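S.K.: sequence and predicted model, in that order:
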Amino acid sequence: MANLNVKTGEEKWYKKAIGIFTRSKTPIASLIILYIAMVVIFASFSPYYLTIGNFRSIFNNFAVLGILSAGITIVMIGGGFDLSIGSTMGLTGILCAVIMLKFSFIPVGIVMVIAVIIGCFLGLINGLIIAKIGINPIITTLGTLAIFRGIAFFWADLNVRIYSDFWDSIGRSFIGGIIPYTTVYILVIFIILALVLKFTKFGRNLYTIGGNEYLAKLAGIKVERIKIASYVISGLFCGLAAIVLTSQLGSGRPEYGSGKELEVLTVVVLGGVTVGGGKGNYLGTFIALIIIGSIANGLVLLDVPVFLRMVIKGGLLVLAISIDALRNRRRLQLY
Amino acid sequence: MADNNNVILKMENITKTFPGVVALNNVSIDLKKGEVLGILGENGAGKSTLIKVLAGNYIKDSGKITIDGNETEFKNPGEAMESGIRVIYQELNTLENLSVTENIFLGEQETKTPLNIIDWKKMEKESRKILKQLNIDINPNTIMEDLSVSEKQVVEIAKAISKKGKILIMDEPTAALSEEDKDSLFEIIKTLKEAGVSIIYISHRLKEIFEITDRVTVLRDGKKIGTVGTSETDSNQLVTMMVGRDIQEMYPKREVPIGEVIMSVKNLVAEGIEDVSFELRKGEILGIFGLLGSGKTSLVKSLFGANPIKSGKIYVYGKKITIKKPWQARDNKIGLVPVDRKLDGLALMLGVKENITLANIQQLGKGFLIKKAVEREKAQRWIDNLDINTPSMNQEVNSLSGGNQQKVVLARWLESGSNIIILNEPTRGIDVGTKVEIYKLMQNLCEQGAGIIMISSELPEILSIADRILVISKGRITGEFKRGKASEEKLMQTACI
Amino acid sequence: MAENQETPVRKKEKKFFLSNTITLFIVLIVMLVFFSLTSESFLSTYNLVSMLSNLSFYGIVAAVLTMVLISGEIDFSIGGNIGLTSIIAAILIESGVNGWLVILLCLLLGAAIGIFNGFLVTVIGVNSIIATVGTMSVWRGLAYTFSDGQSIMAMTPVIDFLGRGKVLNIPFPIILFIIIFAVCYVVMNHSKWGRKIYAIGVNPMASFLSGINVKQVKFLTFLFSGIAAALGGLILASLSGVGMPQHGEGLELTIISAILLGGTALGGGRGQILGTLVGVLIISVLYNGLTMLNVYYYYVQIAQGVVLVAVVATYEVRQKRLQE
């Protein structure tokens, strides 16, 4: 047989370097490199960047984003999609504020429970439409995005102040003046969900459904039920996020959370959750969360104009999804 | 049958229709405890439909299924699994980015109390045990995508036997297996049998049927032809039952004079292809045989610009050509009839007409617009020439039978004037009558000066229809046989090198 | 010998689109009757003409976006594109650039935006939903950045004519709207390129293996959708007399709703330009009628969301029933 013309030989170092970003199966390594690079850049531009106070505010500021990302990670691993998270959070928040204003005799603890129930209920609506009727999740949640937002304005078209010290403390207090409460919530939520994904049938079956729904049905998995549950969970975290958000801002407003889906998608996609499902984990989402939170913070420190931040946020999402696409290129269709 | 108490499963008068075809027509089978029942039939005879009905994957139109004397009605695969039915499907059903362990326990993870937490340790241990039983050295923590096709097939088998089922269905389990893997599979089947598990074994390889089964049920065109004891029959009887006619009639072969070389491939290297060289002559049907994962599909894909070529040369009519994309192949008069016509061949929601002209939209009139009259005329010509059975040329191809769909794909390449036609499993899922038509069509094309590359895993077909057979294994050509010089055994042996 | 069991079934399939369009027409007529009964001014010439002029700018975008959807992709960035072009047009006019040149430059900008989206989707291979949700925010952010969040006057004769001019007493945008719909109709129903778009939407792999350059076709649909959105932005700037960074905000929901209402399937392969026309009319009448009835804006938004989900749900249920 003739000699093979296959090129063998050492890969060039720069190809290897690019390979870290484009070829590895998980994005964790590339994310960590990205983060270190970012810290160096920001620190060299702003002396304030590497202070405890700054990190405190980074972590406190991405709390809402983190809780929402936690929920949508579940939905997206299962192959779903949820564009309505921002308005679910907005609606839940305004309802809580209105309840506290008009029925101030209801204990705050109960209001929190109500918030979670409302979130779950809104998620259930999405889940039922998507799993039972079989409508594409993008269309469904695009529709409910408008509906929930409209209903939020029905309840109140203005700022509704919240007068409750306890409520205020939920999202604004610090342990020992350093560690934000919200960071504790985030850690607890991420750890619990990571364990759920790894150690429950629900979690494992979610990966199967996202990877190949037909196969999941063949394996006797109750696909509909799990899908609905995933949207309910996403709704639940929208409810929790609403509590933290209204606490941090001291009020409910119907437009709270609009455009949030963009940031959430950026975090989740950057963290390695694939659109279409079957891939992703909470470590990736968590690191991506820190990165996006740090960027938001860095942009403020560097005094980047508000409007330009919008451009950068969109650009980041495009970048994240491009890296994801390049990483999965080998399995991409040829056409 | 002698002892009715022994019958674990009865399927009576099962009928199942799909748009355009009656896939199962009043089929009845019964299965005894601890026996291996072979189900034999050509492609498209209804074997796969039958087991999909049994596994709750399809819902039957009519008929009765009784398990252990209780009538059952499965609405989904989960219910069938609860009744102890396990299936090894023909297509690989594994999740590529999960581990072997996880695939083995898909949907039925082991849990431990309290809290019903998944018991990874136990699952891993079980996996090791099963894989060892299957005589294969795979680390259960490996990610599926790092396995070869035959290893994936073994995982698939491990998945089915991991939980004790009462009835185990195997649909062509050896399609990707080497001889040794097959032997260890058969050992396992024997062990399971002794343990009282009943097995339905589906195959179109006669040799395996004789080796492992106790009784055989033969299906043809959706009907049951009969059931015979394996020891009381011979291959001639089974073939006659299966094909329903003389083998000569089944595989008509006209001698076509073989002319000059029209295509030659030199040292082709691509993903899945190590180093392949061959020539195709005018008027020749070149058969390519290989197991699943041998590289046969990668080979045709690279010849058609759908699998990037790393090195090597392709000559057509003595001229060196570059094929990077399918349109270059098309412009060099190469046509491809893919293995999965629904997935890769047809735009199912479009009409017959649109599908026939799909590769030649640019030729439908001069400028920017389609001349509808030209298109109609072209489509009608092929519908007449190939005798495509359709109520109208605007009929959605989705509703045609498999054979007619195949003709539509073929018509597309004839319309574009291809004279090198690659057919990947040309008769898969096609009824016997249309099969014969397709063979005749292929020979007509050869007479008109075309050359055909036919990939087939159907041994009698490739042995009788191809003028020359190349055997491919692990991306290399491991054997070449002239027509009449090969046999089933020889092909299988060379394919396992 | 032929034991072929040929049972040609499903003649219903052809009627499917027909009956959908008829249903939509009936819905449209019922809505027209309802609004003319409940609101006196609804049927006035002034209202109808202004409604049509208003719908024309997003109708144009909807017609072209229908092609993107039929090819199996989606473009969410149209709204941001409209905002950005309206601002750029206004800035150019402010600095005294000739009106014709403004139009040309803005259309080129739209083309560049389309090329960028097309590049992401076809060359890099990014999922078009996420890619265009990202670029949507980029274009919008640029619009805000360039205008510093302010509205900018955009008045110059050529541009004025684009949105407010009349030919034979018919408002010019309506004429543009009709022309572009007609072109899209011919392209999708009678041209080679339109056939390729359908084929790709139905089965990209089969189309690719039949020698159709899938990437090229998709790339061009994005290019045209970018240009169409830029044209929409110009008309909107002209209609309102200002370039505004908020122009076209939330419009992607309206436009995509109209397209899906018209029977186009997300995921590709199914859809008709005429369906989109009816969809656009229904959405505009709904919008206009509710506004005439002084219904609060956010109820209109709820109505729109409900209509979208309900219509797609009925399509889905019917489709399922057709497949038994």
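M.R.: Received the coordinates, thanks. Keep in mind that what you see is a predicted model, and the values were worked out from it rather than measured. Numbers count the residues shown, from 1 in each chain, chains lettered A, B, ... in the order given.
S.K.: that's a strand at B:Tyr201, yeah?
M.R.: Yes. Counting by DSSP: H, G, I helix; E, B strand; the rest coil, B:Tyr201 is found in a strand.
S.K.: contacting residues for it?
M.R.: Contacts of B:Tyr201 were listed using CB atoms under 8 Å, 6 or more residues apart in numbering or on different chains, and they are B:36-39, B:170, B:173, B:189, B:208-209, B:212-213. Where C-beta positions appear, they are placed from N, C-alpha and C, glycine not excepted.
S.K.: which among these gets closest to chain C?
M.R.: B:Ile39 (19.4 Å; CB to the nearest CB).
S.K.: for the residue lying closest to the closest one once chain neighbours are set aside, which residues make a bridge with it?
M.R.: Nearest non-adjacent residue to B:Ile39, counting by CB to CB, 6 or more residues apart in numbering or on different chains: B:Ile202, 4.7 Å away. Counting by DSSP bridges, B:Ile202 forms beta bridges with B:Ile39, B:Asp171.
S.K.: for A:Ser30, see how far away B:Ile202 is.
M.R.: To A:Ser30, B:Ile202 is 46 Å away according to CB to CB, to the nearest Å.
S.K.: more crowded one of these two?
M.R.: Comparing B:Ile202 with A:Ser30 by other CB atoms under 10 Å in any protein chain shown, the one with more neighbours is B:Ile202, at 23 against 20.
S.K.: how about the helices in the stretch 301-450 of chain B?
M.R.: Ranges of helices within the stretch 301-450 of chain B are B:326-331, B:352-356, B:372-385, B:402-415, B:432-447, based on DSSP state H, counting those that start in this stretch.
S.K.: and residue 171, what are its phi and psi?
M.R.: Using chain A here. A:Gly171 adopts backbone torsions of phi -110, psi 0, taken as degrees, to the nearest 10.
S.K.: to clarify, I was referring to chain C.
M.R.: As for C:Pro171, its main-chain torsions (degrees, to the nearest 10) stand at phi -60, psi 140.
S.K.: also B:Glu480?
M.R.: According to degrees, to the nearest 10, B:Glu480 has phi -140, psi 130.
S.K.: against B:Glu274, how distant is it?
M.R.: 16 Å.
S.K.: more neighbours: which of the two?
M.R.: Counted by other CB under 10 Å, B:Glu480 and B:Glu274 do not tie: B:Glu274 has more neighbours, with 18 against 14.
S.K.: and the nearest residue to that one once chain neighbours are set aside, how far is that from B:Ile130?
M.R.: Distances taken as CB to CB, 6+ apart put B:Gly475 closest to B:Glu274, at 3.8 Å, once the chain neighbours are dropped. Distance from B:Gly475 to B:Ile130, counting by CB to CB: 29 Å.
S.K.: pLDDT below threshold where in chain C?
M.R.: Residues of chain C meeting the criterion pLDDT under 70: C:1-20, C:321-324.
S.K.: what about the strands in it?
M.R.: Secondary structure of chain C by DSSP state E: the strands cover C:152-153, C:166-167, C:170-171, C:242-243.
S.K.: could you say which of those is packed most deeply?
M.R.: Mean neighbour count (mean count of other CB atoms under 10 Å in any protein chain shown) peaks for strand C:242-243 among these, with a mean of 26.
S.K.: so is that strand next to chain A?
M.R.: No. Using CB under 8 Å from any CB of the partner chain, strand C:242-243 never reaches chain A; the gap is at least 14.7 Å.
S.K.: neighbours of B:Gly484, just the number please.
M.R.: By other CB under 10 Å, the residues close to B:Gly484 number 9.
S.K.: which parts of the stretch 1-150 of chain B are helices?
M.R.: Secondary structure of the stretch 1-150 of chain B (DSSP H, counting those that start in this stretch): helices at B:47-54, B:77-82, B:100-104, B:120-133, B:149-162.
S.K.: tell me which of the ones you listed lies nearest to C:Val312.
M.R.: Across the helices of the stretch 1-150 of chain B, the minimum distance to C:Val312, taken as CB to CB, is reached by helix B:77-82, at 28.5 Å.
S.K.: can you show me the CA trace of that closest one as PDB?
M.R.: Written as PDB, here are the backbone C-alpha positions of helix B:77-82 (Å, rounded to 0.1, in the frame of the first residue of the first chain):
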ATOM      1  CA  PRO B  77     -42.700   2.000  25.900                       C
ATOM      2  CA  GLY B  78     -42.700   2.600  29.700                       C
ATOM      3  CA  GLU B  79     -45.700   0.300  30.200                       C
ATOM      4  CA  ALA B  80     -44.100  -2.400  28.000                       C
ATOM      5  CA  MET B  81     -41.000  -2.200  30.100                       C
ATOM      6  CA  GLU B  82     -42.900  -2.600  33.300                       C
END
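S.K.: report the distance from it to the chain centre.
M.R.: The chain centre lies 25 Å from the centre of helix B:77-82; the measure is CA atoms, centre = their mean, to the nearest Å.
S.K.: can you tell me what sits against that helix?
M.R.: Counting by CB under 8 Å, 6+ apart, A:217-222, B:54-57, B:72, B:74, B:108, B:165 sit against helix B:77-82.
S.K.: most centrally placed residue in the chain?
M.R.: Because you didn't say which chain, this covers chain A. Chain A has A:Ser69 as the residue nearest its centroid, 1.5 Å off, counting by CA atoms, centre = their mean.
S.K.: wait, chain C was what I had in mind.
M.R.: C:Ala62 (1.3 Å).
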